[in-house]
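**Student:** structure of the sequence below:
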Amino acid sequence: MATALAAAAARRVAALSSPRLPAQAASLAQRRGMAGAADHHGPPKVNCWQDPMNPSKWKEEHFVIVSLSGWGLVLFGGYKFFTRGKGKKEEMVLEP
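**Tutor:** Numbering: from 1, shown residues only. The predicted model follows:
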């Protein structure tokens, strides 16, 4: 609310201080709108190692890294499990 009033006041001052500019110049003043990062919505996000049992509280980038690492381990583990012993043929040499 306060930022909207400040922006409106800035547009009025800009319009009054430069009468040689067209009326459209006042509408080109920067408006931040909802771009402010100060007002948070919901609980704050934490690092994955600070609260490892609650993925809903993790930061988004930490969730992505942990998820992709987990899927990589599952796929690599499955590959190693199902291809164990294939391609390797060791011959046992018997000594006389």
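**Student:** rest of the way, CA atoms for contacts and neighbours
**Tutor:** Will do.
**Student:** low pLDDT regions in this structure?
**Tutor:** When residues are selected by pLDDT under 70, those of the chain lie in 1-2, 13-27, 29-40, 85, 87-92, 96.
**Student:** can you map out the helices along it?
**Tutor:** Secondary structure of the chain (DSSP state H): helices at 2-17, 24-27, 60-82.
**Student:** other residues contacting the last one?
**Tutor:** Outside of helix 60-82, the residues that reach it under the criterion C-alpha atoms under 8 Å, 6 or more residues apart in numbering are 47-48, 55.
**Student:** so among these, which ones count as buried?
**Tutor:** Buried subset of the contacts of helix 60-82 (neighbour count, 16 or more other C-alpha atoms under 10 Å): 48, 55.
**Student:** in TSV, list the contacts of helix 60-82 along with distance to residue 61.
**Tutor:** Listed next are the contacts of helix 60-82 as TSV, based on distance: C-alpha to C-alpha, whole Å:
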residue	distance to residue 61
47	9
48	10
55	11
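**Student:** which ones among the contacts of helix 60-82 are found in strands?
**Tutor:** Among the contacts of helix 60-82, no residue falls in strands (DSSP state E).
**Student:** among the helices of the chain, which comes closest to residue 41?
**Tutor:** Residue 41 sits nearest to helix 60-82 of all the helices of the chain, at 14.8 Å, using C-alpha to C-alpha.
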